[in-house]
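Trainee: sequence and predicted structure are below.
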Amino acid sequence: MTDISLKNLSNEIKISIKKLIKELSSIGILKNENDHITLVEKNILLKHLESIKKSSLNTLILQRKTRSTLSVSTISGKNKSIQVEIRKKRTYIKNNKFEITALSNTLKKTESAVKKELFLKNKQNNSLKISTDINVLGKKHKKNIDRLEFNKINTESLNSKKINKLKNLDIFSKDEKNKKIKRHIEYDLGNLNEKKRTKEIIDIRKSYKEEKKDYHLTTFLHARQAEDDHDRDVEKDKRNHSRILKNYRHKKNNKNFHNGKFHKEETRISNRHKKNNKQKNKPILLQQVFKKPESVVNRDVVISGMISVSDLANKMAIKSSEVIKNMMNIGIIGTINHILDQDTAQLIAEEMGHKVILQRENVLEEMIMKDRDLGNNISILRAPVVTIMGHVDHGKTSLLDHIRSTKTAFYEAGGITQNIGAYHVKTDLGSITFLDTPGHSAFTAMRSRGVKITDIVVLVVAADDGVMPQTIEAIQHAQAANVPVIVAINKIDKIDSDADKVKNDLMKYNILSEEWGGDNIFVPISAKTGKGIDKLLNVILLQAEILELKAVPTGMAEGVVIESFLDKGRGPIATVLVQKGNLNKGDIILCGFEYGRIKSLRNQSGDEVLSAGPSIPVEILGLSKVPFSGDIVTVVRNEKKAREVASYRKEKSRESKLLKQNKINLDNMFDNINKNDVSELKIILKSDVQGSLEAISGALLKLSTNEVKIKIIGLGIGGITETDASLALASNAIILGFNVRADSSAKKIINIENLDLRYYSVIYDLIDEVKSAMTGLLSPEYKQNIIGLAEVRNTFKSPKFGLIAGCMVIEGVIKRSNPIHVLRDNIVIYEGELESLRRFKEDVNEIRNGLECGIGIKNYNDIRVKDIIEVFEMKEIKRIL
Ligand SMILES: Nc1nc2c(ncn2[C@@H]2O[C@H](COP(=O)(O)OP(=O)(O)OP(=O)(O)O)[C@@H](O)[C@H]2O)c(=O)[nH]1
């Protein structure tokens, strides 16, 4: 017999008998203390106990929590950060599948034993006594008990069914989801612990699922949150946008659409919109900002004359490079600073599809000038404006002082005269205005601006000294300006005075006294004693009468700036000579590039006056900046317009400086003749000696043709001075220097004003060049190009090289191998080459500006301190015909 008593079994497996009965009942085997169990039952029990033991050892639970930030880009284009928390819980159990498989294998092994046992039991008709104590098992296990009963009562077929199920266990166990079948197996096997484990598995699954669900839920929630945020943003944008649109439509429909309020309101909304949504609004705003223009915008381009490429481009609202491209198409190569004439600018703008509106250059100025009160248009005689000129020390100041002290005192009793650059004096016969401007510069500066303010020139010639260089210059200026000359032969009180000599000398310069058949009046005076001065004043007035000097004294004034300066306390100050109308305090004036309202008017005595009429000089206060001498002063109605015109003039002046087209020179002369711009060529000729001067001037005058007249407006011996340069500037003349050079102040004017100055050392060259220019055949020629100047500071003798000049290089570079001129008082006294060029004791090939050197000149030993050594090179000049 293989049966064993429970008592024995309890001893064997060391489990109390009670616990044993309990464990047995838990697997569906109901026994009492004194019962026996079969071998099969024992095995099942042992397996059960073992599984309990194992199950407690085979479970390991791991939990992990990770947090990460997920960057999610929303539809609005914005990146959002989402916090993601992943909770992982993992329970490790000894693979259930294997366990179940193992169990099933065990059961398989016992299958035959079970069959055998049942067979034997049936055979012995030993029906199984089944205790049905349902109450003991309780309701909870009722199902199990039923199944147990079923197991025990049912026949082999039932068992085979069970076995079949067991056979399919693998399949079932594979399908872990099928809980129902599993439960069946558990019950079938009577293994309630298995149920527990299954439950655990289910729980794990459930928790895993829940975790998974949790994870998905968290991610989902975050994503949802982001989505919601985005949706909310979009919704907000839409709302704001529609609100703006609504507002816009509302305002558009509103009558006050165009007034400032609307714009203000819109801005306010925009700001709020911005503020509320911060960056969230970007996509919508961006969509609006980057709207590509669909077609080229054609504009109305106003061209009012010469215009630079950049300005034209600005007017068309395009890049300068576009204009340059179009210029190239019509064959013009230029940069952004290139100045286009009105026609070319029009052509380019029209080519580019714009509508061109041609405006007269000075339309604004025309408008402002038209809108002036010109008075009653009745002219009355005005005081002549007189300039006193003459050679140094011949008595100009003495004469003016005498007139001022006598006549001004008479006119302004007790007044202290001020130097305002002009004096208005009153004589018994009438009033005269004397200009007291230093030198000839102001005189010529005014003429160069096209302003003629001098009516009469009084040429002062000292009777003891006769005609001197500056006397001649003065004559040249007066004649160039076509102003009558009255000669005041001064210092007649002196014993050695010779008035006739002066008359004789002046004859050469076309100044002829009336007695000798000329137009000029000669008045012998003494500025010292005052003799003849009244007569001089009378002659001036007589001359004025002949000239019939008249002006309209009513209406808005017009005048010329004689002098100007900046007073630290009072601001820009200008002395203005009124020429027409009446200048009043409070008038708005336009003055060259400046404008302003007259704050105060002062006369020559420094007294404030309320107004000034024609030929009266007054000092004015109230201009925007210091104007230039010679600037025209015009009273206008509108200060704003005056400012506009002033700034327009400034702009124009800038452009014309770029052009510099109007200056006459030998190169462009022929073109100008062809255009009928030039009918005479004005020349200022300076030479080293009288002989050359006469020879050259005679030859030049013979060059005159029917088309072109040669007019020598100035000639003299000596270097080219500032006066020569300013005369050339005022008269649009060229300067020819024969063996003479321009001094530094003359050079300054010549360079600034771009005057044509040419040096010659061969008479034939000079004549030939002028002749060629007149016929338009000026051919390429070699010109002496001065490359450096050195001033002699000291001289010493060297046994090797003879006389050495210790020099300072004052301009350019001195080159050892180049030809040189020696200049003394701007006159060429020698032409040759260098013998030696040394820096300290070393022979050098060249010396640069600012350095000292020793120069030895070949075959020349007359070098003196202050001489200039001029180094030049022969340069081929290409003439453009
Ligand atoms: N004897 C005599 N001397 C005179 C007369 N006029 C001027 N002088 C003197 O000549 C000198 C020069 O006179 P200015 O009036 O300074 O001559 P200026 O032409 O004004 O000279 P600059 O201002 O240097 O150009 C002074 O010493 C005067 O006193 C005159 O009629 N007779």
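Mentor: Everything's here; your move.
Trainee: and the chain, which residues reach the ligand?
Mentor: Taking CB under 6 Å from any ligand atom as the criterion, the chain approaches the ligand at residues 390, 392-398, 490-491, 493-494, 526-528. To be clear about C-beta, it is placed using only N, CA and C from the backbone, and glycine gets the same treatment.
Trainee: buried subset of those residues, written for ChimeraX?
Mentor: Filtering those down to the buried ones (16 or more other CB atoms under 10 Å) takes a single ChimeraX command:
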select :390,394,395,396,398,490,491,493,526,527
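Trainee: for the stretch 651-800 of the chain, which residue gets nearest to the ligand?
Mentor: Distance from the ligand to each residue of the stretch 651-800 of the chain (CB to the nearest ligand atom) is smallest for Thr723, at 12.8 Å.
Trainee: helix or strand next in line after the one helix or strand that residue maps to, which one?
Mentor: Using DSSP states H and E, Thr723 maps to helix 722-731. Beyond helix 722-731 on the C-terminal side, the first helix or strand identified by DSSP H and E is strand 734-738.
Trainee: quickly run through the sheet partners of that following strand, with directions.
Mentor: strand 680-687 (parallel), strand 757-760 (parallel) (DSSP bridges).
Trainee: restrict the last one to CA atoms and write it as CSV.
Mentor: Looking back up the chat, that one is strand 757-760. Provided in CSV are the C-alpha atoms of strand 757-760 (Å, rounded to 0.1, in the frame of the first residue of the first chain):
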residue,chain,number,x,y,z
LEU,A,757,47.1,129.2,-65.3
ARG,A,758,49.9,128.4,-67.7
TYR,A,759,53.6,128.9,-67.5
TYR,A,760,55.9,129.5,-70.4
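Trainee: report the buried residues of stretch 551-563.
Mentor: For stretch 551-563, a neighbour-count test (16+ other CB under 10 Å) marks 551-563 as buried.
Trainee: most widely separated two among those residues?
Mentor: Greatest spatial distance in the buried residues of stretch 551-563: Thr554 and Glu563, 26.4 Å, computed using CB to CB.
Trainee: where does the stretch 251-400 of the chain have low pLDDT?
Mentor: Counting by pLDDT under 70, the ranges of the stretch 251-400 of the chain that qualify are 251-297, 359-362.
Trainee: quick check: longest strand in the chain by residues?
Mentor: Across the chain, the strand with the greatest residue count (assigned by DSSP state E) is strand 781-798.
Trainee: count the neighbours of Thr845 for me.
Mentor: Not quite, residue 845 is Asn, not Thr. Neighbour count of Asn845, defined by other CB atoms under 10 Å: 9.
Trainee: show me the contacts for it.
Mentor: 815-817, 837 (CB atoms under 8 Å, 6 or more residues apart in numbering).
Trainee: what's near enough to touch the nearest residue to Pro614 once chain neighbours are set aside?
Mentor: Nearest non-adjacent residue to Pro614, counting by CB to CB, 6 or more residues apart in numbering: Ala551, 3.8 Å away. Residues in contact with Ala551, defined by CB under 8 Å, 6+ apart, are 379-380, 382, 579-580, 614-615.
Trainee: wait, doesn't Leu347 sit right on Ile330?
Mentor: Yes - using CB atoms under 8 Å, Leu347 is in contact with Ile330, at 6.6 Å.
Trainee: count the neighbours of Lys841 for me.
Mentor: 6.
Trainee: okay, now the domains of the protein?
Mentor: Following the TED database, one finds the domains of the chain at 1-72+81-98, 300-359, 383-548, 678-777, 781-877.
Trainee: what are the buried residues along the helix or strand in which Tyr423 is found?
Mentor: Using DSSP H and E, Tyr423 sits in strand 422-426. Neighbour-count burial for strand 422-426 flags 422-425 (criterion: 16+ other CB under 10 Å).
Trainee: next: stretch 364-383.
Mentor: 364-365, 368, 372, 375, 381-383.
Trainee: now go through those and say which are in strands.
Mentor: Leu381.
Trainee: tell me the one of the buried residues of stretch 364-383 nearest the ligand?
Mentor: Among those, and counting by CB to the nearest ligand atom, the member closest to the ligand is Ala383, at 22.8 Å.
Trainee: so that closest one makes contact with Phe434?
Mentor: No - when contacts are counted by CB under 8 Å, Ala383 is not listed as touching Phe434 (9.9 Å).
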